[in-house]
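In: Below is the structure, and that's it, no one-letter string:
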């Protein structure tokens with residue numbers, strides 16, 4: 001029988017879900033990075049004897065778009081989640097979204113320059129703006145709960 005006098009804090013459950021989700025994202029990202037390393041090594045082995053002519057090198061430029069596209073899609077989802085949390089004034093959820101996004105970007109070593117050829121920089125700015133609204137709210141004496 002359940003004891004209803006003991007309440008499970010929702011933030012603990014939410015943090016556990018985020019942690020599990022991040023571990024899953026991390027393992028998928030590691031697999032993708034391993035595949036990209038193999039692809040790059042194959043490309044380097046294939047073209048190591050090519051001439052160092054400028055046009056030839058430009059023709060064989062290595063493409064890293066797959067990683068950027070995956071991060072772009074991830075940032076789009078997280079930007080929508082951050083806007084939803086901001087509009088609903090779910091400050092604790094917004095904090096978790098910001099930390100989750102930061103961990104993913106730091107783990108993937110993504111820089112804003114990587115995102116300049118996609119629309120992901122817009123989502124990056126939306127998340128940063130939401131974090132500024134959160135900081136402003138907390139500086140005015142607001143609470144996360």
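Out: Sure, I can see it. Given the structure is predicted, the values throughout are model-derived calculations rather than measurements.

In: C-terminal to the helix or strand in which residue 104 is found, what's the next element?
Out: Assignment of secondary structure by DSSP states H and E places residue 104 within helix 91-108. Note on helix 91-108: by DSSP H and E, the next helix or strand toward the C-terminus is helix 120-139.

In: okay, the angle between that following helix and helix 91-108?
Out: Counting by axes from the mean of the first three to the mean of the last three CA atoms, to 10 degrees, helix 120-139 lies at 140 degrees to helix 91-108.

In: buried set for helix 120-139?
Out: 120, 121, 123, 124, 126, 127, 130, 131, 134, 137 (16 or more other CB atoms under 10 Å). Placement of C-beta: from N, CA and C, glycine included.

In: what's the answer for stretch 94-102, then?
Out: By 16+ other CB under 10 Å, the buried positions in stretch 94-102 come out as 94, 95, 96, 97, 98, 100, 101.

In: dump the residue contacts of the fourth one.
Out: Residue 97 makes contact with 78, 81, 82, 85, 127, 130, according to CB atoms under 8 Å, 6 or more residues apart in numbering.

In: Can you pull out the low-pLDDT segments for the protein?
Out: The model of the chain has pLDDT under 70 over residues 1-24, 49-65.

In: unless I'm mixing things up, residue 75 is touching residue 120, no?
Out: Yes: between residue 75 and residue 120 there is a contact under CB atoms under 8 Å: 4.8 Å.

In: so how far is residue 47 from residue 124?
Out: 33 Å (CB to CB, to the nearest Å).
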